[in-house]
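Enquirer: Okay, predicted coordinates and the sequence, questions at the end:
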Amino acid sequence: MTKDFELQSLVAAARAEAACRARTAAREADRYRGVAWSGLGPDTIQEPSPEAVAVVRLDALHRWRASRPGRLLAALAEAQRAAAEIHAAADRARASVSRGLDAEAARCAAAVHALQSKAQALLAAARQAAAAMDAAAPGALTGGACATNTASSSPSTGSPTSSAS
């Protein structure tokens, strides 16, 4: 995911949040119309622009991704993706064998090649996870204060981004 795309996604989310807050403030202002004594209406709130909010969130997101737990979770997510792809490649190879290895030799070879490639990716992800565990001070991992952990959720929706469980 590129920085520009992430920034655009965060700006869109911040604009949606600002619009929601504006609708809520308008409803509250309507409630006070006609019955409020002088000076007793709702205060107007000066909020930062959605772009400024998005830049701050993007900065926090990049700091979290560079942190020890961020690197570890990214490596674990990659390992899970590779493991799922290994499983699928092995299933394709087994299906080729069950249909007749002589007739399906090319497909079986492609599946075995994918199996080897994904096994290397899994090993690389495991090494990255170990490096994240070995980095910095020893001790328990903490999640920090970043609410936009995209290793497990989308910054704009909060919905899971990985189908691996």
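Expert: Now that the structure is in, tell me what you want to look at.

Enquirer: how about stretch 13-21: buried residues?
Expert: By neighbour count on 16 or more other C-beta atoms under 10 Å, the buried set for stretch 13-21 is 13-14. Just so you know, the C-beta spots here come from the backbone N, C-alpha and C atoms, and that holds for glycine as well.

Enquirer: Return the alpha-carbon coordinates of it using CSV.
Expert: In CSV, the C-alpha atoms belonging to stretch 13-21 read as follows (Å, rounded to 0.1, in the frame of the first residue of the first chain):
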residue,chain,number,x,y,z
ALA,A,13,-12.4,8.6,6.6
ALA,A,14,-11.7,11.9,8.4
ARG,A,15,-14.1,13.7,6.1
ALA,A,16,-16.8,11.2,6.8
GLU,A,17,-16.2,11.6,10.5
ALA,A,18,-16.3,15.4,10.3
ALA,A,19,-19.6,15.2,8.3
CYS,A,20,-21.1,12.9,11.0
ARG,A,21,-20.0,15.3,13.7
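
Enquirer: Tell me where this structure has strands.
Expert: For the chain, strands defined by DSSP state E do not occur.

Enquirer: Domains in it, by residue range?
Expert: 3-30+47-65, 72-133 (automatic domain parsing).

Enquirer: With A110 as the reference, measure out to E78.
Expert: Going from E78 to A110 by C-beta to C-beta, to the nearest Å gives 22 Å.

Enquirer: Show me which of the two is the more surrounded one.
Expert: Higher neighbour count among E78 and A110: E78, with 20 against 15, using other C-beta atoms under 10 Å.

Enquirer: Count the residues that sit near the nearest residue to the more buried one once chain neighbours are set aside.
Expert: Leaving aside its chain neighbours, E78 sits nearest to A125 (4.1 Å; criterion: C-beta to C-beta, 6 or more residues apart in numbering). The tally of other residues near A125 (other C-beta under 10 Å) stands at 20.

Enquirer: cool, R71 as well?
Expert: 20.

Enquirer: show me the contacts for it.
Expert: Residues counted as contacts of R71 (C-beta atoms under 8 Å, 6 or more residues apart in numbering) are 65, 128, 131-132, 135.

Enquirer: Among those, which has the minimum pLDDT value?
Expert: The lowest pLDDT within the contacts of R71 belongs to A135, with 75.

Enquirer: is it true that L76 touches A126?
Expert: No: with contact defined as C-beta atoms under 8 Å, L76 and A126 do not form a contacting pair (9.1 Å).

Enquirer: These two: which is more packed in?
Expert: Neighbours per residue (other C-beta under 10 Å) separate L76 from A126, with L76 holding more: 18 against 15.
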